[in-house]
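Novice: Make a model of this:
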Amino acid sequence: MTEPSFPMSDFSGPTIRLKPKANARAIRHGAPWVYDNELVTDRRTKAIAPGSIARLEDAEHNFLALVAVNSNSRIFARVLDRDEAIKIDAEWFRAKFESALAHRETLFDAPFYRLVHAEADGLPGVVIDRFGDTCVVQPNAAWADVLITPLAEALRDVTGVTTVVMNGTGRARGLEGLEEKTEILSGQVEGPIPVPMNGATYMADLMGGQKTGLFYDQRPNHAFAQRLVAGKKVLDVFSHVGGFALASLAGGAASALSVDSSAAALELAEKGAEVMGKSAAFATRKGDAFDVMAALADEGETFDVVICDPPAFAPSKPALEKGLRAYERVARMAAPLVRDGGYLGLCSCSHAADLEKFRTACNRGIGRAGRAAQLIHTGFAGADHPLMPQLAESGYLKALFYRLMP
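Specialist: Now for the predicted structure:
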């Protein structure tokens, strides 16, 4: 393999070319990905080192974009820039971060948010969450791994953060053929960071927690749930570090029970409740979510509000049917736990399960539980998780809220 090649003032890196029948128009109209079966892939092309920057041409040799290449991935090329003269360097990163930061500072009065949402913010495969003076970077594409040093430099310059953590774990890196690794690139992390959100306080474990340590995407759905919970008894299933439960307590719930399979996550949830002064109203139950829901039903427990926010049961198209059955099962088991006239919230973070399929699965599960329901609200990720119109995968989160009829 050759060493990664990056553009200088006059681009001297490799060139890759679309096949004659490939849809060059889609790239011109903003599509961010080129799959391996859309390219002319000879021995030279396959030898380009993962993470290299290349010129992408159409079948007639017309320039389309500068792209990041990874021959180990089905997504062979990711569009970085449509200006052939641009240099992909620290200055290029600064411009991207300045644009992303301007949007988040418009939305929020405190530096706790998703700063970069991959392709939608012009940094394909890169996710960055901000926790005050710390940023956690997920480089889920090879090019970001190769350029992590100028990326982190620009990130510090633009945001003023002192600590940058690289969290190189997860399914996406496996699909890119990248090794898993987590390291502190600058500064230090001394323990979980308290994160204020919707009046609640969450404890984010940036080094050992899931993804970047906290899920900012549910912020608007937490806020909607708060409108339902005043004086109510709440159950939060698949709660992670307290998600909907702590938001409910901040919204005036009388009590909240968090269910999760991770003892570490529940411990962080308990610390969050303690910081909020809500420990007396908060309880946790460790175990498999389905087992716990079955046990609660056997115990005759019911709640005014039940919210289920499971992991991605359908992370890819091959897993779709199995995932939809799992979402139906969640709805079927959760519905009997809701008191008459109470509320049921059901969430999916699976991009392969679109809104219609997810809603159908939930409706079926509620019906199979013998409950009648009104669908009262459909929620999505917050505005710090923008959608790229040309990339359906960027719109992954769905949240359905039902009122279960007396």
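
Novice: Report the mean per-residue pLDDT for stretch 279-294.
Specialist: Stretch 279-294 carries an average pLDDT of 98.

Novice: Which helix or strand contains residue 16?
Specialist: Under the criterion of DSSP states H and E, residue 16 resides in strand 15-17.

Novice: Show me how far that strand is from its chain's centre.
Specialist: 31 Å (CA atoms, centre = their mean, to the nearest Å).

Novice: and what of stretch 94-113?
Specialist: Offset of stretch 94-113 from its chain centre (CA atoms, centre = their mean): 17 Å.

Novice: Could you do stretch 89-104 as well?
Specialist: The answer for stretch 89-104 is 20 Å, by CA atoms, centre = their mean.

Novice: And that stretch, what's buried?
Specialist: 90, 92, 93, 94, 96, 97, 100, 101, 103, 104 (16 or more other CB atoms under 10 Å). Backbone N, C-alpha and C define where each C-beta goes, glycine included.

Novice: Surely residue 107 and residue 115 touch.
Specialist: No: if you go by CB atoms under 8 Å, residue 107 and residue 115 don't touch, sitting 11.1 Å apart.

Novice: Which one of those two is surrounded by more residues?
Specialist: residue 115 (25 against 11; other CB atoms under 10 Å).

Novice: next helix or strand past the strand or helix carrying the more buried one?
Specialist: Per DSSP H and E: residue 115 is located in strand 112-117. Once strand 112-117 ends, the next helix or strand along the chain (criterion: DSSP H and E) is strand 126-131.

Novice: chain center to whichever helix or strand comes after that following strand: distance?
Specialist: Per DSSP H and E, the first helix or strand lying C-terminal to strand 126-131 is strand 134-139. Distance of strand 134-139 from the chain centroid (CA atoms, centre = their mean) equals 13 Å.

Novice: got a list of contacts for the helix or strand following strand 134-139?
Specialist: Scanning forward in sequence from strand 134-139 by DSSP H and E, the next helix or strand is helix 142-146. Helix 142-146 is contacted from outside by 4, 50-53, 68-70, 72-73, 78, 80, 123-126, 137, 139, 151, 168, 176-178, using CB atoms under 8 Å, 6 or more residues apart in numbering.

Novice: Could you list which of these belong to strands?
Specialist: 53, 68, 69, 78, 80, 126, 137, 139, 168 (DSSP state E).

Novice: coming back round to it: buried ones in the strand holding residue 16?
Specialist: Residues of strand 15-17 classed as buried: 16, 17 (neighbour count, 16+ other CB under 10 Å).

Novice: That one packs against which elements?
Specialist: Secondary-structure packing of strand 15-17 (3 or more CB pairs under 8 Å, 6 or more residues apart in numbering; DSSP states H and E): strand 53-57.

Novice: Kindly format the C-alpha coordinates of the strand it packs on as PDB.
Specialist: In PDB, the C-alpha atoms belonging to strand 53-57 read as follows (Å, rounded to 0.1, in the frame of the first residue of the first chain):
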ATOM      1  CA  ILE A  53      -7.600  12.300  -0.100                       C
ATOM      2  CA  ALA A  54      -8.400  11.900  -3.800                       C
ATOM      3  CA  ARG A  55     -10.000  13.700  -6.800                       C
ATOM      4  CA  LEU A  56     -13.300  12.200  -7.800                       C
ATOM      5  CA  GLU A  57     -14.100  12.400 -11.500                       C
END
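
Novice: what packs against that strand?
Specialist: Under the contact rule (3+ CB pairs under 8 Å, 6+ apart), strand 53-57 is packed against strand 15-17, strand 63-69, strand 75-81.

Novice: switch to 6 Å and redo it
Specialist: strand 15-17, strand 63-69 (3 or more CB pairs under 6 Å, 6 or more residues apart in numbering; DSSP states H and E).

Novice: can you redo those as a markdown table with mean pLDDT?
Specialist: As requested, the helices and strands packed on strand 53-57 are arranged in a markdown table below (pLDDT from 0 to 100):
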| stretch | mean pLDDT |
| --- | --- |
| strand 15-17 | 97 |
| strand 63-69 | 97 |
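
Novice: report the longest strand in the chain, please.
Specialist: Selection of the longest strand in the chain by residue count, based on DSSP E, yields strand 338-348.

Novice: How far does the helix or strand just after that one sit from its chain's centre?
Specialist: Next in sequence after strand 338-348, counting helices and strands by DSSP H and E, comes helix 355-368. When distances are taken as CA atoms, centre = their mean, helix 355-368 is centred 23 Å away from the chain's centroid.

Novice: between helix 355-368 and strand 338-348, how big is the angle?
Specialist: Using axes from the mean of the first three to the mean of the last three CA atoms, to 10 degrees, the direction of helix 355-368 lies 150 degrees away from that of strand 338-348.

Novice: Let the chain start at 37 from now.
Specialist: Yep, numbering from 37; the last one is helix 391-404 now.

Novice: what comes up buried for helix 391-404?
Specialist: 393, 394, 395, 397, 398, 399, 400, 401, 402.

Novice: Over to stretch 63-80?
Specialist: Neighbour-count burial for stretch 63-80, counted by 16+ other CB under 10 Å, picks out 63, 67, 68, 69, 70, 72, 74, 75, 77.

Novice: Return the members of the contacts of helix 178-182 classed as buried.
Specialist: Buried among the contacts of helix 178-182 by 16+ other CB under 10 Å: 40, 86-89, 104-106, 109, 114, 116, 159-162, 173, 175, 187, 204, 212, 214.

Novice: Next SSE downstream of the lowest-mean-pLDDT helix or strand in the chain?
Specialist: Least confident helix or strand of the chain, by mean pLDDT, DSSP states H and E, is helix 207-211 with a mean of 86. Downstream of helix 207-211, the first helix or strand assigned by DSSP H and E is strand 217-222.

Novice: Strand partners (parallel or antiparallel) of that next one?
Specialist: Using DSSP bridges, the strands paired with strand 217-222 are strand 199-204 (antiparallel).

Novice: which residues touch the strand it pairs with?
Specialist: 170-174, 188, 191, 216-223, 242, 248 (CB atoms under 6 Å, 6 or more residues apart in numbering).

Novice: Which residue in the buried residues of stretch 125-140 has the weakest pLDDT?
Specialist: Pick the lowest pLDDT in these and you get residue 126, at 95.

Novice: picking up where we left off before, any chance of the helices and strands packed on strand 89-93 in a markdown table with distance to residue 376 as columns?
Specialist: Below are these laid out as a markdown table (distance: least, CB to CB, whole Å):
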| stretch | distance to residue 376 |
| --- | --- |
| strand 51-53 | 61 |
| strand 99-105 | 54 |
